[in-house]
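Undergrad: A structural model of the following input is requested.
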Amino acid sequence: MLDKKLIDKIVEKQGDLLYTTLAEECTELAQACCKINRNKFLKKDIKDNLNNFFEEICDVQINLQAIKQQVLKETGMSSTEYEQYIKTWEYIKKDKLQNIFIGTSIEELYNKLSKAGYIDKDTLEPIACMYCGSKELEDRDFYKEECYVVEYSKYCKRCGKKLGTWSYGNWESF
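TA: Numbers count the residues shown, from 1 in each chain. As a prediction, the model looks like this:
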């Protein structure tokens, strides 16, 4: 990848535009993927599309390096904190992908979430955010029948993610 001096120069020149640039590069990567998929569907050779595909992957990676520097600059976050956020999200995504593609029973998943301190083991009610770790949660989206609450959702106050829904006496955590 690029050296720090070049990344710093990109950040200096682009600043807030980096977010827009990354969005544009991701769109171009998606378009390159669509071209490959279309050629596969039409049973055409995809070799002509690979140069564009690899160029867009490289553009996205370069932008991610620059965005990291911009985030550190804007937030005062240390590189170690930034890497910890990335590792946390990699863990969460890996766990979700394993559950989807390898298969984990719902009981095993709830057991993992309970042991990690994210949900109550008996009720399955969310007690901490599995995305950012915050224990500051709030109840929202109340649904009533007649005068009784029959459904509501629990959200993280820090990151805003929906963590679960209580419906007719039972929790479904995400």
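Undergrad: Can you tell me which residue is spatially central in this protein?
TA: Centroid-nearest residue in the chain, with CA atoms, centre = their mean: residue 89, separated by 6.4 Å.
Undergrad: How about that residue: what's its closest non-neighbour residue?
TA: residue 131 (8.0 Å; CB to CB, 6 or more residues apart in numbering). The C-beta positions use only the backbone N, C-alpha and C, and glycine is treated the same way.
Undergrad: ok so, going back, tell me which element the residue nearest to the centre of the chain is part of?
TA: helix 79-98 (DSSP states H and E).
Undergrad: angle of the longest helix seen in the chain against helix 79-98?
TA: The residue-count maximum for a helix in the chain (DSSP state H) belongs to helix 47-75. When axes from the mean of the first three to the mean of the last three CA atoms, to 10 degrees is applied, the directions of helix 47-75 and helix 79-98 differ by 130 degrees.
Undergrad: So for helix 47-75, what gets flagged as buried?
TA: 49, 53, 56, 59, 62-63, 65-71 (16 or more other CB atoms under 10 Å).
Undergrad: re earlier: for the residue nearest to residue 89, give its distance to residue 119.
TA: Distance, residue 131 to residue 119, by CB to CB, to the nearest Å: 13 Å.
Undergrad: what does residue 41 give?
TA: Where residue 119 is concerned, residue 41 sits at a distance of 42 Å (CB to CB).
Undergrad: the more surrounded of those two?
TA: Per other CB atoms under 10 Å, whichever of residue 41 and residue 119 has more neighbours is residue 119, with 26 against 8.
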